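K.L.:
Pasting the sequence and the predicted coordinates here, then a few questions.
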Amino acid sequence: MSDIKPPEKILFPPEKIYLKWRNMWAIEAGLRNLGNTCYMKSVLQCLTYTAPLANYLLTREHSKTCAQRGFCMMCVMQNHITEVLGHPERVIKPLAVYYGLHNIAGHFIQGRQEDAHEFLRYAIDALQQACLRDYDSLDINTKGTSLIHQIFGGYLRSQVKCLNCSGESNTFDQFMDLQLDIKNSKSIIEALKEYVKPEVLELCYKCSKCNETVTATKTFSIKRPPNVLTLCLNRFDVFSANKISKMVAYPEFIDIRPYTSEPKEEPITYGLHAVLVHAGTTCCYVKNKKEESKGKGLKRPFSEITTSTTPSTFPTASSSAQKPINSQPESKKRFKLDRSCLFKTPRINEKADNTLIPNNMATSSTQQANIIQPARFMIQFAKPVFQISENTHERDEKKKSLKRPLADEKESEEMPKKKMFLTRL
């Protein structure tokens with residue numbers, strides 16, 4: 001098979017997905033800590049300010065036709081985003097998500113520290129399942145035309161090439177994010193190069209053409225890039241389970257064309273949309289529209305609000321303490337990292353700024369020609385990916401009224417050591 005099998009039908013029309021914000025929003029509500037929920041709040045803020053998802057949920061189209069009795073992640077996110085964007089500069093409690101944790105991930109426990117990336121994966125999977133509730137019997141490629149997969153999903157190609165006869169065997173798999181190994185990489189670029197580096201299969205591949213067990217190479221590449229690309233940096237050594245502690249650089253814009261199955265075609269450029277760093281004290285980054293042309297943005301730790309330049313590197317060592325960002329020289333601003341996720345902005349069609357580029361699904365040759373044109377990108381909003389801090393007096397009063405330490409103080413302890421295995425999706 002040389003290409004992805006076309007879907008039997010399109011579940012959600014691509015032209016109904018808008019990449020640009022249909023309305024401009026002020027700094028909206030922050031999220032209150034409900035007890036060891038930094039991982040949850042950080043992910044919710046990143047998803048809330050992902051324009052294609054928010055634009056659709058704000059129309060309330062899903063809830064108008066949803067027949068699900070009980071928990072529905074799409075309905076929960078719709079209500080959450082509506083509440084956050086409708087309450088400027090306030091603090092709200094994401095109770096619906098908190099009480100629905102067991103529906104999102106059965107092994108998650110309320111009040112216990114969890115992994116931010118793991119919650120992100122379960123949350124997006126729950127959104128996807130909500131979109132597919134009436135389509136369980138459909139083929140996997142048709143399921144890939146859902147709203148959620150058209151926003152976050154793409155396809156990987158796994159190619160095995162016989163070194164004896166040059167015969168090739170291709171398989172295609174859907175993915176919602178890329179998990180990058182940073183053990184031998186100092187930057188996102190190097191990690192992506194390592195991701196697509198051929199792996200030699202020494203005398204362990206049975207070639208269908210040669211009908212022999214031969215040496216071959218196995219290579220992963222991006223066959224169909226997603227419109228919103230999520231990268232996860234794995235901070236654990238797969239074999240030793242030791243934490244990797246070093247600086248990892250990332251650019252504001254990145255061309256992923258060299259890591260695709262057609263590396264010689266036109267560039268596919270992504271712009272940085274959000275950074276989630278989880279290390280006891282959680283820090284998120286979101287682009288500021290007014291500072292877009294200057295390459296600046298907002299980085300907001302949960303403990304304070306600070307405006308600064310876009311971070312370009314971060315270490316992979318976690319710590320229980322973090323200095324205020326504005327206490328360091330401008331050239332030395334760093335974040336403590338336990339695990340990080342980078343969201344890249346959606347790819348935008350050169351000829352239709354507002355609509356999502358269809359994932360080459362059942363497209364004509366003319367449409368495909370338009371899709372491979374150099375893409376333009378937008379980062380045009382400043383959103384509060386942070387918890388608004390209470391003033392000192394309020395905190396003192398709250399401490400007196402509580403029988404246990406505040407949740408955010410409790411979370412300043414070092415995150416539990418967890419072993420992470422690389423998974424190619």
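P.N.:
Alright, I've got the coordinates.
K.L.:
Just confirm Y205 contacts V214, I think it does.
P.N.:
Yes. With contact defined as Cβ atoms under 8 Å, Y205 reaches V214; the gap is 5.8 Å. For glycine as for every other residue, the C-beta is placed from the backbone atoms N, C-alpha and C.
K.L.:
Pull up the overlap in contacts between the two.
P.N.:
Common neighbours of Y205 and V214 (criterion: Cβ atoms under 8 Å, 6 or more residues apart in numbering): C162.
K.L.:
Using PDB, write down the CA coordinates of stretch 168-179.
P.N.:
Only the C-alpha atoms of stretch 168-179 are listed here, as PDB (Å, rounded to 0.1, in the frame of the first residue of the first chain):
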ATOM      1  CA  GLU A 168       9.300  -1.400   0.200                       C
ATOM      2  CA  SER A 169       6.500  -2.100   2.600                       C
ATOM      3  CA  ASN A 170       4.400   0.800   3.900                       C
ATOM      4  CA  THR A 171       1.900   0.900   6.800                       C
ATOM      5  CA  PHE A 172       0.000   4.000   8.000                       C
ATOM      6  CA  ASP A 173      -1.100   4.800  11.500                       C
ATOM      7  CA  GLN A 174      -3.100   7.700  13.000                       C
ATOM      8  CA  PHE A 175      -1.500   9.900  15.700                       C
ATOM      9  CA  MET A 176      -2.600  12.800  17.900                       C
ATOM     10  CA  ASP A 177       0.900  13.800  19.100                       C
ATOM     11  CA  LEU A 178       4.600  13.000  18.500                       C
ATOM     12  CA  GLN A 179       6.700  11.900  21.500                       C
END
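K.L.:
ok, and what's touching it?
P.N.:
The contact list for stretch 168-179, computed with Cβ under 8 Å, 6+ apart, reads 1-2, 4, 120-121, 124-125, 128, 140, 144, 149, 152-162, 192, 195, 208, 222-223, 226, 229-232, 234, 341, 422-425.
K.L.:
of these, buried ones?
P.N.:
Applying 16 or more other Cβ atoms under 10 Å to these, the neighbour count classes 4, 120-121, 124, 128, 144, 149, 152-157, 159-162, 192, 195, 222-223, 226, 229-232, 234, 341 as buried.
K.L.:
Among the residues you listed, which ones are in helices?
P.N.:
120-121, 124, 128, 149, 152, 192, 195 (DSSP state H).
K.L.:
can you redo those residues as TSV with distance to T82 and pLDDT?
P.N.:
What follows is those, written out as TSV (distance: Cβ to Cβ, whole Å; pLDDT from 0 to 100):
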residue	distance to T82	pLDDT
L120	21	95
R121	24	95
I124	19	97
Q128	21	96
H149	23	97
F152	21	96
L192	36	96
Y195	37	96
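K.L.:
which two in those are spaced the farthest apart?
P.N.:
Greatest spatial distance among these (Cβ to Cβ): Q128 and L192, at 24.7 Å.
K.L.:
residue ranges of the helices in the protein, please?
P.N.:
38-48, 51-57, 61-65, 73-85, 95-99, 101-104, 116-131, 140-143, 147-152, 188-195, 365-371, 392-401, 407-410.
K.L.:
angle of the fourth one against helix 116-131?
P.N.:
Put simply, helix 73-85 runs at 120 degrees to helix 116-131, going by axes from the mean of the first three to the mean of the last three Cα atoms, to 10 degrees.
K.L.:
Now do helix 73-85: which elements does it pack against?
P.N.:
helix 38-48, helix 51-57, helix 61-65, helix 95-99, helix 116-131 (3 or more Cβ pairs under 8 Å, 6 or more residues apart in numbering; DSSP states H and E).
K.L.:
Over to the fifth one?
P.N.:
Judged by 3+ Cβ pairs under 8 Å, 6+ apart, the packing partners of helix 95-99 are helix 38-48, helix 73-85.
K.L.:
out of the ones you listed, nearest to P14?
P.N.:
Comparing the helices and strands packed on helix 95-99 by Cβ to Cβ, helix 73-85 comes nearest, at 18.0 Å.
K.L.:
Check what contacts that closest one and list those residues.
P.N.:
Contact partners of helix 73-85, identified using Cβ under 8 Å, 6+ apart, comprise 25, 28-29, 31, 44, 47-48, 53-54, 57-58, 60, 62-63, 66, 68, 92, 94, 96-97, 100, 103-104, 123, 126-127, 129-131.
K.L.:
Show me just the buried residues among these.
P.N.:
The neighbour-count test (16+ other Cβ under 10 Å) marks 28-29, 31, 44, 47-48, 53-54, 57-58, 62, 94, 97, 100, 103-104, 123, 126-127, 130-131 as buried among those.
K.L.:
circling back to that earlier point, with distance to E168 as added columns, please give the ones in helices among the buried ones among the contacts of stretch 168-179 in CSV.
P.N.:
As requested, those are arranged in CSV below (distance: Cβ to Cβ, whole Å):
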residue, distance to E168
L120, 34
R121, 31
I124, 32
Q128, 31
H149, 27
F152, 29
L192, 22
Y195, 19
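K.L.:
Can you tell me which of those residues is closest to G167?
P.N.:
Y195 (23.9 Å).
K.L.:
Just to check, the closest one is in contact with L231?
P.N.:
No. Y195 sits out of contact with L231 when judged by Cβ under 8 Å, with a separation of 9.8 Å.
K.L.:
joint contacts of those two?
P.N.:
178, 180.
K.L.:
Now do S166 against P14, distance only.
P.N.:
37 Å (Cβ to Cβ, to the nearest Å).
K.L.:
who has more neighbours, these two?
P.N.:
Higher neighbour count among S166 and P14: P14, with 18 against 8, using other Cβ atoms under 10 Å.
K.L.:
Please list all residues in contact with the residue nearest to Y98 when sequence neighbours are not counted.
P.N.:
Sequence neighbours aside, L34 is the residue nearest to Y98 in space, at 5.2 Å (criterion: Cβ to Cβ, 6 or more residues apart in numbering). Going by Cβ under 8 Å, 6+ apart, L34 touches 93-95, 98, 407.
K.L.:
tell me how far the ends of stretch 125-138 are from each other?
P.N.:
In stretch 125-138, first residue to last residue: 17 Å (Cα to Cα, to the nearest Å).
K.L.:
what bridges to T217?
P.N.:
Beta bridges link T217 to K161, V200, judged by DSSP bridges.
K.L.:
Verify the stated contact: it with G167.
P.N.:
No. Here T217 lies out of contact with G167, judged by Cβ under 8 Å, at a distance of 11.7 Å.
K.L.:
Overlap in contacts, the two.
P.N.:
Contacts common to T217 and G167, judged by Cβ under 8 Å, 6+ apart, are K161.
K.L.:
where does the stretch 151-300 of the chain have low pLDDT?
P.N.:
Where the stretch 151-300 of the chain drops to pLDDT under 70, the residues are 238, 278-300.
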